[in-house]
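[1] Here's my sequence, what's the structure:
(2 chains)
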Amino acid sequence: MTKLMKSLLLAATLLAGAATVAPAFAQEVYLPNLSYRTGPFAATGTPLMNGQRDYMLMLNARDGGANGVKLGYDECETGYSTEKGVECYEKTKAKAIVTQPWSTGITLQVLPKTNVDKIPILAPGYGFSPMADGKTFAWAFNPPSSYWDGASMILNYISEGNLDNLKGKKVALLHLDHPYGKEPIPLLEQMAAKHGFTFLPIPVGLKEMQNQSAQWLQIRRERPDYVVMWGWGAMNAGAITEAVKTKYPMDQFYGIWWSGSDDDLLTVGEAGKGYRSISWSVPIPDAPVMADIQKHVIDAGQTLMTDPANDKNKVFYQRGIIISMILVEGVKAAQANFNAKEVTAEQLRWGLENLKIDDAKLAELGMSGMVVPFSTSCDNHTGHGGGWMLQWDGAKFVKVSDLLQPDRAAIEPLEKEKAKEYADANAPWAMNEGCQ
Amino acid sequence: MFYRTAGQFKTSYQADHALFPVRQDFVLLIVILAFAWIVLPFTASEFTFNALLIPVLIYSLAAIGLNVLTGYAGQLSLGTGAFMGVGAYACYKLITIFPELNLVIAILLSGFFSAAVGAAFGLPSLRIKGFYLAIATLAAQFFLVWLFEKWAWLYNYSNTGAIQVPNITMFGHTVAGAQADALTRYYFVLAFVTVMTALAINLTRGRIGRIWKATRDMDIAAELVGINLLKSKLLAFAVSSYIVGVAGALFVFLWRGAAEPNLFDIPLSFRVLFIAIIGGLGSVIGNYLRALLIVALPVLLNIVPEALGVPISSATVEHLNVMIVGALIIFFLIVEPHGLARFWQVIREKLIIWPFPH
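    Numbering: from 1, shown residues only, chains lettered A, B, ... in the order given. Below is the predicted model of the structure:
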């Protein structure tokens, strides 16, 4: 037998073998995730993806999925690159009933497409703040709080509930110079003009993430009363190290929820004590759901975490769990309403629009206190559940506030205005006319 | 046998200097064109259009633009990504200021903006050469991306700092924006790329192309035989940036749909440079071969193991992709420094004398 024949035979057996390994579940919903476990943002992305994946695996192992339908969780690697993200979206959209873009840049690209392809976008706590307006953005969801909600909650917290206390103060926004980091600027500018504080945006370019000496020099010179950070990936750790180096008071330093990763602060440890980050999720190590994940996923050797004993109690891992929970609850709501098993994209859209995550629901899921309670409706795709302030105690993040609420009266007109601008720029834009 | 040139007599100089002196080459081109214009549109899926065909065409065009400058005129440039950005932002501003403007005209006009910027940054090429010129174009790269970030007028003061392509209709068909059909966009890009390629081939074969080649091979000698280096080099920068700018406008308007400034950062420049170098400097066909390889490889790596049922995680595929592309670059630089185009040339020469090698 010649070499060629041998290799042909080998290939044929491989193919035959592949054909027999068919999926064992009869029914399945395909839920792809545009993950990033590679590239400059991998450090913050990986724990989130692990949390999302492990919750889905746990449900499949414990309950056989959602009402007997397997949750077909799948990852498509983007490396946080918009180009790869769009490629992943195109690749998955034929079968997918949801798209989870995982980057504000990718969200901006797929947002107009999903409105044509009719696939819901689920972007919990990220994406474009005006997506809250469900009449305009019929297919986009960003529960439980948007970036503008986050910015408003931080201001409410530092002003102790009365924004006029900020009069004459100086608030710096240290942000990534990227669509994501620029999100809070319009709201903060408006608030600054209204309440008489100075707003100082300090951009950090993608190339300067790890070396922010110029930005911190500016902070030292300007002496802002508060520094609010909108950072991601390597930028967070860079900023926190620089803050420690320049001896900026940590209790005047605040971050958005994506700037509150344990791993970013572990590098400075004690020195980072006092740093606060707003968050709509809190890690609870002894929650019943964590015990189930331990039993069905971690002990079964299915997890991708390298150090499960420590990593599973970190903020980002548990936030990943919450994100998958929101998606699965959307699927379940759609199943119940349409009396269907394998829900379609159209039905899931209804499900995500009718989420009711209250305390009773969270207790039933074994997640009491892990996420802010919220509910969505057709004109409210965010839910605006609010958030808590978490503080770094030198070894971990602890909750230090009651439930904070954003200043919705100030945000809503801005959301409506920007949503309308978006729809006009993308005309003809299909609105959800049925929603009152 | 397939490539028998016997019996094809040329009776005039014109015939001898035709674009395709060998009839089989011409037939091959017709087959490829027919394949691209007729067969693919009927067989390809939407994913193939969006992830493979359209990007291959656009990257090829950008690489042809760079090849005019680097391959023909011998001026190394690391600013291709930024020049693509100039084309894209110019097109965006034209379309938003004059919404009635035909998209074809807008794209053709936006090339002039990048040509002007390219020529301006090409001025130092009269004094400096080689690596030093590369650094000067690198300055263009950094400066322009910085400008895209800071000059809010360019992105119409949008709070995300990104540009978003509106839905644009032409003769009742949506050609750009989210509602545009993949097939329409493919034909649009294909038409542009076909015409621009034909222009580029003819330009590089003619008088101007010879002037560029003379400049590339030895600029002092070229100057002595009466070539005006100022004109020659600046023209190369302008023509190259024009093609690159058009490719940039197509890149955003017909493929991406939205763009943020860092999209045009140095990785894009390197990507186009790799396509041009590995495809073969000073050749047009090589750009297509290499663009096909660099775009198709990650897509294939994603699809093939899955189709074979090999469990391989998506993150591993990404790592593999980076490793394979890197290995390929080193392999080609060692084994065939003249690139894929040279491979094709060798095959073609072998075919012409086959089956009698003597």
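
[2] need the residues of the stretch 1-150 of chain A near chain B, please.
    Counting by CB under 8 Å from any CB of the partner chain, the residues of the stretch 1-150 of chain A lying close to chain B are A:14-15, A:17-19, A:21, A:35, A:37-38, A:75-77, A:79, A:82-84, A:86-87, A:90-91, A:94, A:104-105, A:108-109, A:112-113, A:115-116, A:128. Where you see a C-beta, it was placed from the backbone N, CA and C, and this is true even at glycine.

[3] hmm, which of those are the buried ones?
    Burial by neighbour count, 16 or more other CB atoms under 10 Å in any protein chain shown: within the residues of the stretch 1-150 of chain A next to chain B this picks out A:35, A:37-38, A:75-77, A:79, A:82-84, A:86-87, A:90-91, A:104-105, A:108-109, A:112-113, A:115-116, A:128.

[4] In strands, which of those residues fall?
    A:E75 (DSSP state E).

[5] now stretch A:374-391: mean pLDDT?
    Regarding stretch A:374-391, the rounded mean pLDDT is 88.

[6] and that stretch, how far apart are its ends?
    This stretch, stretch A:374-391, spans 23 Å end to end (CA to CA, to the nearest Å).

[7] how about it: buried residues?
    A:374-376, A:378, A:380-391.

[8] quick one, what contacts A:N115?
    Applying CB atoms under 8 Å, 6 or more residues apart in numbering or on different chains, we find A:N115 in contact with A:137-139, A:429-430, B:178.

[9] at 6 Å instead, please
    A:139, A:430 (CB atoms under 6 Å, 6 or more residues apart in numbering or on different chains).

[10] One more: A:M305?
    Counting by CB under 6 Å, 6+ apart, A:M305 makes contact with A:50, A:311.

[11] before we move on, which element is it in?
    Of the helices and strands defined by DSSP states H and E, none includes A:M305.

[12] Same question for A:K70.
    A:K70 is part of strand A:70-75 when elements are defined by DSSP H and E.

[13] what does the stretch 151-300 of chain B put close to chain A?
    B:159-162, B:166, B:178-179, B:257-258, B:260, B:262 (CB under 6 Å from any CB of the partner chain).

[14] what's the burial count for residue 160?
    Just so you know, I chose chain A. 9 (other CB atoms under 10 Å in any protein chain shown).

[15] Hmm, no, I was thinking of chain B.
    For B:T160, using other CB under 10 Å, the count is 23.

[16] Likewise for B:V165?
    Around B:V165 there are 26 residues (other CB under 10 Å).

[17] In contact with it, which residues?
    Contacts of B:V165 (CB under 6 Å, 6+ apart): B:176-177, B:253, B:257.

[18] From B:Y89, how far off is it?
    Per CB to CB, to the nearest Å, B:V165 is found 12 Å from B:Y89.

[19] What of A:Q335?
    From A:Q335 over to B:Y89 (counting by CB to CB), the distance is 47 Å.

[20] do A:N339 as well
    Distance, A:N339 to B:Y89, using CB to CB: 51 Å.

[21] And these two? Which one has more around it.
    Set A:N339 next to B:Y89 and count neighbours by other CB under 10 Å: B:Y89 wins out with 27 against 6.

[22] Now do the SS call for A:I202.
    Secondary structure assignment for A:I202 (DSSP: H, G, I helix; E, B strand; the rest coil): strand.

[23] Just to be sure, A:N211 is in a strand?
    No - if the criterion is three-state DSSP, then A:N211 is coil and not within a strand.

[24] give me the residue from the stretch 251-358 of chain B nearest chain A.
    Closest residue of the stretch 251-358 of chain B to chain A, CB to the nearest CB: B:G309 (2.9 Å).

[25] Neighbours of that residue, how many?
    Using other CB under 10 Å, B:G309 is surrounded by 14 other residues.

[26] what does the model give it for pLDDT?
    71.

[27] now B:I201
    85.

[28] Grab the nearest non-local neighbour of the closest residue to chain A within the stretch 101-250 of chain B.
    Per CB to the nearest CB, B:A178 is where the stretch 101-250 of chain B lies closest to chain A, at 3.3 Å. Take B:A178 and drop its neighbours on the chain: the residue closest to it by CB to CB, 6 or more residues apart in numbering or on different chains is A:P112, 3.3 Å away.

[29] Go over the secondary structure and confirm A:R349 is in a helix.
    Yes - looking at A:R349 with three-state DSSP, it is inside a helix.

[30] returning to what we had before: for the buried residues of stretch A:374-391, which one is nearest chain B?
    Chain B has its nearest neighbour among the buried residues of stretch A:374-391 in A:T382, at 17.4 Å by CB to the nearest CB.

[31] Number of residues surrounding the residue lying closest to that closest one once chain neighbours are set aside?
    Nearest residue to A:T382, sequence neighbours excluded (CB to CB, 6+ apart): A:A132, at 3.9 Å. Look at A:A132: counted by other CB under 10 Å, it has 30 neighbours.

[32] Repeat that for B:W344.
    For B:W344, using other CB under 10 Å, the count is 15.

[33] Next up, phi/psi of it, please.
    The phi/psi pair for B:W344 (degrees, to the nearest 10) reads phi -60, psi -40.

[34] per-residue confidence at it?
    For B:W344, the predicted pLDDT is 77.

[35] Apart from its chain neighbours, what residue comes closest to it?
    B:I285 is the one closest to B:W344 (CB to CB, 6+ apart), at 6.4 Å.

[36] Could you tell me how many residues sit around the one you found?
    19.

[37] would you list every one of the helices in the stretch 201-350 of chain B?
    B:207-217, B:219-224, B:229-250, B:266-279, B:285-308, B:314-335, B:340-353 (DSSP state H, counting those that start in this stretch).

[38] ranking those helices by burial, who's on top?
    For those, average neighbour numbers computed from mean count of other CB atoms under 10 Å in any protein chain shown are highest in helix B:229-250, which has a mean of 26.

[39] Give me the spatial nearest neighbour of B:F20, chain neighbours excluded.
    B:F26 (4.0 Å).

[40] so where does that neighbour fall, helix or strand?
    helix B:23-34.

[41] Tabulate the CA atom coordinates of that helix in CSV.
    Below are the C-alpha coordinates for helix B:23-34, written out as CSV (Å, rounded to 0.1, in the frame of the first residue of the first chain):
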residue,chain,number,x,y,z
ARG,B,23,-3.5,33.3,-25.5
GLN,B,24,-3.9,30.8,-22.5
ASP,B,25,-3.2,33.6,-20.1
PHE,B,26,-6.1,35.5,-21.5
VAL,B,27,-8.4,32.5,-21.4
LEU,B,28,-7.4,31.9,-17.8
LEU,B,29,-8.2,35.5,-16.9
ILE,B,30,-11.6,35.1,-18.6
VAL,B,31,-12.3,32.0,-16.6
ILE,B,32,-11.3,33.7,-13.3
LEU,B,33,-13.4,36.7,-14.1
ALA,B,34,-16.4,34.6,-15.1
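
[42] Just after that helix, pick out the following helix or strand.
    helix B:40-43.

[43] Name the residues of that next one that are buried.
    Applying 16+ other CB under 10 Å to helix B:40-43 flags B:L40 as buried.
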